[in-house]
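>>> Quick check, what structure comes out for this input:
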Amino acid sequence: MSEFFNPDNSIMRFITKIANSVYLNILWLVCSLPVVTIGASTTSLFYVTLKMAKNEEGNITAAFFRSFRDNFKQATKIWLILLAAGIVFALDGYVFYHMRFENMLWTIGTSIFLVALAAYAIILMYIFPLLARFDNTTFAMFKNSLFIGMRFFLCTVLMAVIYFVMLFVVINIFTPAVIFGEGLCALLCSCLLSNILLMCQKQDEKTDTQKAAADLPHL
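So this is what the prediction gives:
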(Lines give C-alpha, C1' and ligand atoms only; values in the text may rest on other atoms or scores of the structure.)
Protein backbone atom coordinates (compact mmCIF):
# COMPACT_ATOMS: atom_id res chain seq x y z
CA MET A 1 0.00 0.00 0.00
CA SER A 2 2.85 2.39 0.83
CA GLU A 3 4.28 1.74 -2.65
CA PHE A 4 0.95 2.85 -4.18
CA PHE A 5 1.18 6.27 -2.48
CA ASN A 6 4.81 6.74 -3.51
CA PRO A 7 4.88 10.00 -5.54
CA ASP A 8 7.31 8.35 -7.99
CA ASN A 9 4.80 5.59 -8.70
CA SER A 10 3.48 5.80 -12.29
CA ILE A 11 -0.14 5.66 -11.08
CA MET A 12 0.42 8.48 -8.60
CA ARG A 13 2.17 10.57 -11.28
CA PHE A 14 -0.84 10.05 -13.53
CA ILE A 15 -3.28 11.05 -10.78
CA THR A 16 -1.14 14.10 -9.96
CA LYS A 17 -1.16 15.23 -13.59
CA ILE A 18 -4.95 14.87 -13.77
CA ALA A 19 -5.33 16.85 -10.53
CA ASN A 20 -2.97 19.51 -11.86
CA SER A 21 -4.97 19.71 -15.09
CA VAL A 22 -8.10 20.41 -13.04
CA TYR A 23 -6.27 23.15 -11.15
CA LEU A 24 -4.98 24.60 -14.42
CA ASN A 25 -8.49 24.52 -15.84
CA ILE A 26 -9.68 26.64 -12.91
CA LEU A 27 -6.82 29.10 -13.44
CA TRP A 28 -7.64 29.22 -17.14
CA LEU A 29 -11.33 29.88 -16.50
CA VAL A 30 -10.67 32.63 -13.96
CA CYS A 31 -8.07 34.36 -16.15
CA SER A 32 -10.35 34.07 -19.21
CA LEU A 33 -13.34 35.79 -17.60
CA PRO A 34 -12.58 39.23 -19.07
CA VAL A 35 -12.83 37.49 -22.51
CA VAL A 36 -10.09 39.65 -24.06
CA THR A 37 -7.56 37.73 -21.92
CA ILE A 38 -8.51 34.30 -23.29
CA GLY A 39 -5.48 34.31 -25.60
CA ALA A 40 -3.00 35.00 -22.81
CA SER A 41 -4.75 32.51 -20.53
CA THR A 42 -4.70 29.75 -23.16
CA THR A 43 -1.04 30.41 -23.96
CA SER A 44 -0.19 30.15 -20.25
CA LEU A 45 -2.17 26.92 -19.98
CA PHE A 46 -0.21 25.33 -22.83
CA TYR A 47 3.06 26.71 -21.50
CA VAL A 48 2.52 24.62 -18.35
CA THR A 49 0.96 21.52 -19.95
CA LEU A 50 3.78 21.29 -22.50
CA LYS A 51 6.17 21.19 -19.55
CA MET A 52 3.96 18.62 -17.80
CA ALA A 53 4.12 16.42 -20.91
CA LYS A 54 7.91 16.32 -20.41
CA ASN A 55 7.70 16.11 -16.58
CA GLU A 56 9.29 19.56 -16.24
CA GLU A 57 6.37 21.53 -14.78
CA GLY A 58 7.91 22.75 -11.48
CA ASN A 59 5.79 25.41 -9.75
CA ILE A 60 2.59 25.39 -11.80
CA THR A 61 1.08 28.63 -10.50
CA ALA A 62 4.29 30.63 -10.93
CA ALA A 63 4.87 29.23 -14.44
CA PHE A 64 1.28 29.98 -15.48
CA PHE A 65 1.35 33.62 -14.42
CA ARG A 66 4.89 34.17 -15.71
CA SER A 67 3.78 33.08 -19.17
CA PHE A 68 0.58 35.13 -18.81
CA ARG A 69 2.65 38.25 -18.16
CA ASP A 70 5.33 37.59 -20.78
CA ASN A 71 2.96 36.70 -23.64
CA PHE A 72 0.02 38.95 -22.74
CA LYS A 73 0.49 41.55 -25.48
CA GLN A 74 1.00 39.22 -28.45
CA ALA A 75 -1.47 36.59 -27.21
CA THR A 76 -4.17 39.23 -26.79
CA LYS A 77 -3.50 40.60 -30.27
CA ILE A 78 -3.75 37.11 -31.77
CA TRP A 79 -6.90 36.32 -29.81
CA LEU A 80 -8.67 39.51 -30.93
CA ILE A 81 -7.84 38.69 -34.56
CA LEU A 82 -9.20 35.16 -34.09
CA LEU A 83 -12.28 36.46 -32.28
CA ALA A 84 -13.05 38.90 -35.08
CA ALA A 85 -12.53 36.15 -37.67
CA GLY A 86 -14.76 33.83 -35.65
CA ILE A 87 -17.57 36.39 -35.63
CA VAL A 88 -17.26 36.77 -39.41
CA PHE A 89 -17.37 32.98 -39.84
CA ALA A 90 -20.47 32.77 -37.62
CA LEU A 91 -22.27 35.43 -39.67
CA ASP A 92 -21.22 33.81 -42.96
CA GLY A 93 -22.33 30.42 -41.70
CA TYR A 94 -25.74 31.84 -40.78
CA VAL A 95 -26.14 33.36 -44.25
CA PHE A 96 -25.04 30.23 -46.11
CA TYR A 97 -27.31 28.05 -43.98
CA HIS A 98 -30.41 30.12 -44.75
CA MET A 99 -29.71 30.46 -48.49
CA ARG A 100 -28.80 26.77 -48.89
CA PHE A 101 -29.22 25.08 -52.26
CA GLU A 102 -30.76 28.15 -53.87
CA ASN A 103 -28.16 28.71 -56.60
CA MET A 104 -24.64 27.97 -57.86
CA LEU A 105 -23.28 30.81 -55.75
CA TRP A 106 -24.28 28.86 -52.64
CA THR A 107 -22.29 25.79 -53.74
CA ILE A 108 -19.14 27.75 -54.57
CA GLY A 109 -19.42 30.03 -51.55
CA THR A 110 -20.05 27.15 -49.16
CA SER A 111 -17.06 25.22 -50.49
CA ILE A 112 -14.78 28.21 -49.94
CA PHE A 113 -16.34 28.82 -46.54
CA LEU A 114 -15.73 25.23 -45.36
CA VAL A 115 -12.10 25.27 -46.50
CA ALA A 116 -11.52 28.59 -44.73
CA LEU A 117 -13.29 27.31 -41.62
CA ALA A 118 -11.06 24.22 -41.53
CA ALA A 119 -7.96 26.45 -41.80
CA TYR A 120 -9.35 28.63 -39.00
CA ALA A 121 -9.89 25.58 -36.76
CA ILE A 122 -6.33 24.36 -37.37
CA ILE A 123 -4.87 27.75 -36.52
CA LEU A 124 -7.03 27.97 -33.40
CA MET A 125 -5.71 24.61 -32.13
CA TYR A 126 -2.03 25.25 -32.85
CA ILE A 127 -1.31 28.95 -32.47
CA PHE A 128 -1.36 29.21 -28.67
CA PRO A 129 0.84 26.13 -28.09
CA LEU A 130 3.29 27.60 -30.62
CA LEU A 131 3.21 30.98 -28.89
CA ALA A 132 3.86 29.24 -25.56
CA ARG A 133 6.98 27.59 -27.01
CA PHE A 134 8.45 29.98 -29.60
CA ASP A 135 9.16 33.67 -30.12
CA ASN A 136 8.08 34.91 -33.53
CA THR A 137 6.06 37.59 -35.31
CA THR A 138 2.28 37.42 -35.22
CA PHE A 139 2.10 36.76 -38.97
CA ALA A 140 4.64 33.93 -38.66
CA MET A 141 2.60 32.41 -35.81
CA PHE A 142 -0.49 32.24 -38.02
CA LYS A 143 1.45 30.88 -40.99
CA ASN A 144 3.34 28.26 -38.95
CA SER A 145 0.18 27.15 -37.15
CA LEU A 146 -1.54 26.38 -40.43
CA PHE A 147 1.56 24.76 -41.95
CA ILE A 148 2.27 22.50 -38.96
CA GLY A 149 -1.40 21.59 -38.58
CA MET A 150 -1.58 20.48 -42.20
CA ARG A 151 1.80 18.72 -42.13
CA PHE A 152 0.94 16.69 -39.03
CA PHE A 153 -2.64 16.04 -40.04
CA LEU A 154 -3.10 12.94 -37.88
CA CYS A 155 -2.15 14.92 -34.79
CA THR A 156 -4.58 17.65 -35.88
CA VAL A 157 -7.41 15.13 -36.22
CA LEU A 158 -6.65 13.60 -32.80
CA MET A 159 -6.62 17.04 -31.18
CA ALA A 160 -9.96 17.87 -32.79
CA VAL A 161 -11.36 14.56 -31.49
CA ILE A 162 -10.16 15.38 -27.95
CA TYR A 163 -11.94 18.74 -27.96
CA PHE A 164 -15.07 17.26 -29.57
CA VAL A 165 -15.30 14.39 -27.08
CA MET A 166 -14.86 16.74 -24.10
CA LEU A 167 -17.55 19.07 -25.46
CA PHE A 168 -19.90 16.15 -26.16
CA VAL A 169 -19.41 14.67 -22.68
CA VAL A 170 -19.99 18.00 -20.93
CA ILE A 171 -23.11 18.85 -22.94
CA ASN A 172 -24.75 15.43 -23.34
CA ILE A 173 -23.45 13.01 -20.71
CA PHE A 174 -21.90 14.50 -17.56
CA THR A 175 -21.97 18.27 -17.16
CA PRO A 176 -19.70 18.32 -14.05
CA ALA A 177 -16.91 17.04 -16.34
CA VAL A 178 -16.50 20.73 -17.19
CA ILE A 179 -14.14 20.80 -14.18
CA PHE A 180 -11.62 18.97 -16.41
CA GLY A 181 -12.49 21.03 -19.51
CA GLU A 182 -9.72 22.91 -21.24
CA GLY A 183 -7.11 21.83 -18.70
CA LEU A 184 -7.36 18.13 -19.54
CA CYS A 185 -7.74 18.84 -23.27
CA ALA A 186 -4.59 20.97 -23.21
CA LEU A 187 -2.66 18.27 -21.33
CA LEU A 188 -3.68 15.54 -23.79
CA CYS A 189 -2.95 17.77 -26.78
CA SER A 190 0.41 18.72 -25.27
CA CYS A 191 1.33 15.04 -25.07
CA LEU A 192 0.61 14.81 -28.81
CA LEU A 193 2.40 18.08 -29.61
CA SER A 194 5.50 17.67 -27.45
CA ASN A 195 7.63 15.73 -29.95
CA ILE A 196 6.30 17.73 -32.90
CA LEU A 197 7.28 21.04 -31.31
CA LEU A 198 10.66 19.61 -30.33
CA MET A 199 11.18 18.62 -33.97
CA CYS A 200 10.20 22.15 -35.06
CA GLN A 201 12.62 23.62 -32.52
CA LYS A 202 15.50 21.50 -33.82
CA GLN A 203 14.63 22.45 -37.40
CA ASP A 204 14.53 26.11 -36.41
CA GLU A 205 17.92 25.86 -34.70
CA LYS A 206 19.35 24.09 -37.75
CA THR A 207 18.05 26.85 -40.03
CA ASP A 208 19.54 29.54 -37.77
CA THR A 209 22.90 27.75 -37.80
CA GLN A 210 22.87 27.51 -41.60
CA LYS A 211 22.01 31.21 -41.89
CA ALA A 212 24.79 32.15 -39.48
CA ALA A 213 27.26 30.04 -41.45
CA ALA A 214 26.15 31.65 -44.70
CA ASP A 215 26.72 35.11 -43.25
CA LEU A 216 30.32 34.36 -42.31
CA PRO A 217 32.92 36.04 -44.56
CA HIS A 218 34.58 33.71 -47.03
CA LEU A 219 38.37 33.59 -46.89
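
>>> Just the buried residues of the lowest-mean-pLDDT helix or strand in the chain, please?
Least confident element among the helices and strands of the chain, by mean pLDDT, DSSP states H and E: helix 181-215 (a mean of 81). Using 16 or more other C-beta atoms under 10 Å as the test for burial, helix 181-215 gives 181-194, 197, 200. Heads up, the C-betas are built off the backbone N, CA and C, glycines and all.

>>> And it, how far out from the chain middle?
Offset of helix 181-215 from its chain centre (C-alpha atoms, centre = their mean, to the nearest Å): 13 Å.

>>> Output the below-cut-off pLDDT ranges for this protein.
Applying pLDDT under 70 to the chain flags the ranges 1-9, 100-102, 206-219.

>>> surely Ile123 meets Asn144?
No. Contact between Ile123 and Asn144 fails when scored by C-beta atoms under 8 Å: they sit 9.6 Å apart.

>>> Looking at these two, which has the bigger crowd around it?
Counted by other C-beta atoms under 10 Å, Ile123 and Asn144 do not tie: Ile123 has more neighbours, with 23 against 19.

>>> ok, and for the lengthiest helix in the chain, which residues are buried?
In the chain, assigned by DSSP state H, the helix with the most residues is helix 60-98. By neighbour count on 16+ other C-beta under 10 Å, the buried set for helix 60-98 is 60, 63-64, 67-68, 70-72, 74-76, 78-79, 82, 92, 96.

>>> Tell me which residues of stretch 43-59 come out buried.
The neighbour-count check on stretch 43-59 (16+ other C-beta under 10 Å) flags Thr43, Ser44, Leu45, Phe46, Tyr47, Val48, Thr49, Leu50, Lys51, Met52, Ala53, Glu57 as buried.

>>> Over to stretch 25-44?
For stretch 25-44, using 16+ other C-beta under 10 Å, the buried residues are 25, 27-28, 31-32, 37-44.

>>> contacting residues around Leu183?
No, residue 183 isn't Leu; it's Gly. Ser21, Val22, Tyr23, Leu24, Asn25, Ile26, Trp28, Leu45, Thr49 (C-beta atoms under 8 Å, 6 or more residues apart in numbering).

>>> Same list, these, but as JSON lines with distance to Ile11 and secondary structure please.
JSON lines is the format used below for these (distance: C-beta to C-beta, whole Å; DSSP: H, G, I helix; E, B strand; the rest coil):
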{"residue": "Ser21", "distance to Ile11": "16", "secondary structure": "helix"}
{"residue": "Val22", "distance to Ile11": "17", "secondary structure": "helix"}
{"residue": "Tyr23", "distance to Ile11": "19", "secondary structure": "helix"}
{"residue": "Leu24", "distance to Ile11": "20", "secondary structure": "helix"}
{"residue": "Asn25", "distance to Ile11": "21", "secondary structure": "helix"}
{"residue": "Ile26", "distance to Ile11": "23", "secondary structure": "helix"}
{"residue": "Trp28", "distance to Ile11": "26", "secondary structure": "helix"}
{"residue": "Leu45", "distance to Ile11": "25", "secondary structure": "helix"}
{"residue": "Thr49", "distance to Ile11": "20", "secondary structure": "helix"}
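
>>> Now the two most distant members of those.
Using C-beta to C-beta, the two most remote members of the contacts of Gly183 are Ile26 and Thr49, lying 13.9 Å apart.

>>> List the neighbours of stretch 161-171 that are in contact with it.
Identification of contacts with stretch 161-171 by C-beta under 8 Å, 6+ apart yields Met125, Ala177, Val178, Phe180, Gly181, Leu184, Cys185, Leu188, Cys189.
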